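In: Starting from these lines, generate the structure:
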Amino acid sequence: MENRTEIATLGEFGLIEHLTKNFEIQNASTIVSVGDDAAVIDHFGKQTVITTDLLLEGVHFDLMYTPLKHLGYKSIIVNLSDVYAMNAQPTHVTVSIGISNRFSVEALTELYEGIYAACEKYGVDLIGGDTSTSKKGMVISVTAIGEVAPDKFVKRSTARKGDLICVTGDLGGAFLGLTLMEREKRIFLENPNIQPNLEGEDYIVGRLLKPEARRDIIAFFEQNNIMPTAMMDISDGLSSEVLHLCKQSNLGCRLYEDKLPIHERSRAAAFKFGLDPTVCALNGGEDYELVFTLKQEDYDAITLNEEIAVVGYMTDVEEGKKMISRGGNLYDITAQGWNAFQG
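Out: Below is the predicted model of the structure:
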């Protein structure tokens, strides 16, 4: 059996030191990092963007099928995605964890390997955090800090009538990955001798367990002098996010079903599970793609990027929020996506 080091043997400061000892500073803006009472950053005249997320075991993740390294990685990515959604560059994160004594130092080291991998890949510094005892499951709270040139940030409330609605990447994959994992978990709980069958489903499993944030799109905007009129990331499902953009910009919209970007592996998985790929793409959530609105005159500039699909346009608020189906029928868009407060 592998060695197990109890957290109590290190104490809180020892634990934080152990978990953060390998982090190297990657940003000139980091003046004081982990190991002091507070961090000090200087963004040299840029505006600061701050976002925070709470991940709770049993609500946002299931450790039965989520490796700790993947969980650490994803906990950083979901926050970086929110910074990119403001058209900003993430530079720093803080990570706080609540853990019970069922987790060993080795388990937490694995979690932090994932955190470290994400920070390294996205050029972000871990500058602080806290550890505490949790009586129930694991709790992870991450705050991400980013920088943006003055007045270059993009809000949700600034779309205009006639703007194109655009989506990055493809949608529905993470939800299908979750559906698969939950199905395999149920089978396993009924019969622990049955090995999980994930054959050929690595795409949707990857979309769930190891999402990426769209740094490439923000870089593309900058290189091509494109400024979205409104933007947010897709964490709760496209329909829910588009309704947020409509509500906050006081507009209506038209989405086209046949324009929704769905990966062929996601489409195949949806059919296998007896699900409608369109419903998965609209209501799935956790894809961490970007949805943004754009002036029509910028259309030519985004056709250069295969990762961007135009899926509709914004209308007057009186025209409602509708999807045009493949058959040409109009349907109301409803938010059936992830709701953090449902029972």
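
In: which residues in the chain form strands?
Out: Along the chain, the segments classed as strands by DSSP state E run 30-32, 40-41, 47-56, 89-99, 125-133, 139-148, 164-168, 230-234, 252-256, 289-294, 308-315, 321-324, 330-332.

In: Tell me who's in contact with the residue nearest to Gly137 when sequence neighbours are not counted.
Out: Among residues not flanking Gly137 along the chain, Glu57 sits closest, at 3.0 Å (CB to CB, 6 or more residues apart in numbering). Heads up, the C-betas are built off the backbone N, CA and C, glycines and all. Glu57 makes contact with Leu63, Lys136, Gly137, Met138, Val139, according to CB atoms under 8 Å, 6 or more residues apart in numbering.

In: Report pLDDT for the second one.
Out: Meaning Lys136. The per-residue pLDDT reported for Lys136 equals 83.

In: Equivalent analysis for Lys69, please.
Out: On the pLDDT scale, Lys69 is placed at 97.

In: Show me how the protein divides into domains.
Out: Per the record's domain assignment (automatic domain parsing), the chain is made up of the domains 7-148, 164-332.

In: between these, which gets nearest to Thr158?
Out: Go through the domains of the chain one by one with CB to CB and the one that ends up closest to Thr158 is domain 164-332, at 4.9 Å.

In: Give me the helix or strand of the chain that scores worst on average pLDDT.
Out: Among the secondary structure pieces of the chain, namely its helices and strands, strand 30-32 has the lowest mean (mean pLDDT, DSSP states H and E), a mean of 65.

In: List the residues that contact Leu275.
Out: When contacts are counted by CB under 8 Å, 6+ apart, Leu275 touches Leu176, Thr179.

In: Could you pull up phi and psi at it?
Out: With angles defined as degrees, to the nearest 10, Leu275 shows backbone torsions of phi -110, psi 160.

In: where along this protein do the helices fall?
Out: Taking DSSP state H as the criterion, the chain contains helices spanning 11-20, 68-84, 105-122, 173-190, 202-209, 215-223, 238-249, 264-272, 277-283, 299-302.

In: on contacts alone, who are the packing partners of the fourth one?
Out: Meaning helix 173-190. Helix 173-190 sits against helix 202-209, helix 264-272, helix 277-283, with contacts defined as 3 or more CB pairs under 8 Å, 6 or more residues apart in numbering; DSSP states H and E.

In: Could you do the third one as well?
Out: Using 3+ CB pairs under 8 Å, 6+ apart, the elements in contact with helix 105-122 are helix 11-20, helix 68-84, strand 89-99, strand 125-133.

In: what's the burial count for Thr133?
Out: Residue neighbour count, defined by other CB atoms under 10 Å, stands at 10 for Thr133.

In: who does it bridge with?
Out: Beta-bridge pairing of Thr133 under DSSP bridges involves Ile99.

In: any idea of the pLDDT on it?
Out: 88.

In: Give the full set of residues in contact with it.
Out: Residues near Thr133 by CB under 8 Å, 6+ apart: Gly98, Ile99, Ser100, Asn101.

In: Residue ranges in this structure under the pLDDT threshold?
Out: Across the chain, residues meeting the criterion (pLDDT under 70) sit at 1-2, 12-13, 22, 28, 30-37, 39, 337-343.

In: and if we set it to 50?
Out: Low-confidence regions of the chain, defined by pLDDT under 50, span residues 1, 338-343.

In: Please list all residues in contact with the nearest residue to Ser141 once chain neighbours are set aside.
Out: Among residues not flanking Ser141 along the chain, Ser96 sits closest, at 4.4 Å (CB to CB, 6+ apart). The contact partners of Ser96, taken as CB under 8 Å, 6+ apart, are Gly129, Asp130, Thr131, Ser132, Ile140, Ser141, Val142.

In: Just send those residues back as TSV, with distance to Ile7 too.
Out: Output for the contacts of Ser96, formatted as TSV (distance: CB to CB, whole Å):
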residue	distance to Ile7
Gly129	15
Asp130	14
Thr131	8
Ser132	11
Ile140	16
Ser141	18
Val142	20
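
In: Looking at these, which two lie furthest apart in space?
Out: With distances taken as CB to CB, the most widely separated pair in those is Ser132 and Val142, at 14.6 Å.

In: tell me which residues of stretch 15-24 are tucked away?
Out: Residues of stretch 15-24 classed as buried under the neighbour-count rule (16 or more other CB atoms under 10 Å) are Leu15, Ile16, His18, Leu19, Thr20, Phe23.

In: which residues touch the closest residue to Thr143 other than its chain neighbours?
Out: Distance criterion CB to CB, 6+ apart; nearest residue to Thr143, sequence neighbours excluded, is Thr52 at 4.3 Å. With contacts defined as CB under 8 Å, 6+ apart, the neighbours of Thr52 are Asn79, Ser141, Val142, Thr143, Ala144.

In: Let me know the closest of those to Thr109.
Out: Distance from Thr109 was checked for each of those by CB to CB. The minimum falls on Val142, at 17.7 Å.

In: give me the beta-bridge partners of that closest one?
Out: Beta bridges link Val142 to Asp53, Val95 when assigned by DSSP bridges.

In: on that earlier part again, with neighbour numbers in mind, choose between Ser132 and Val142.
Out: Val142 (25 against 11).
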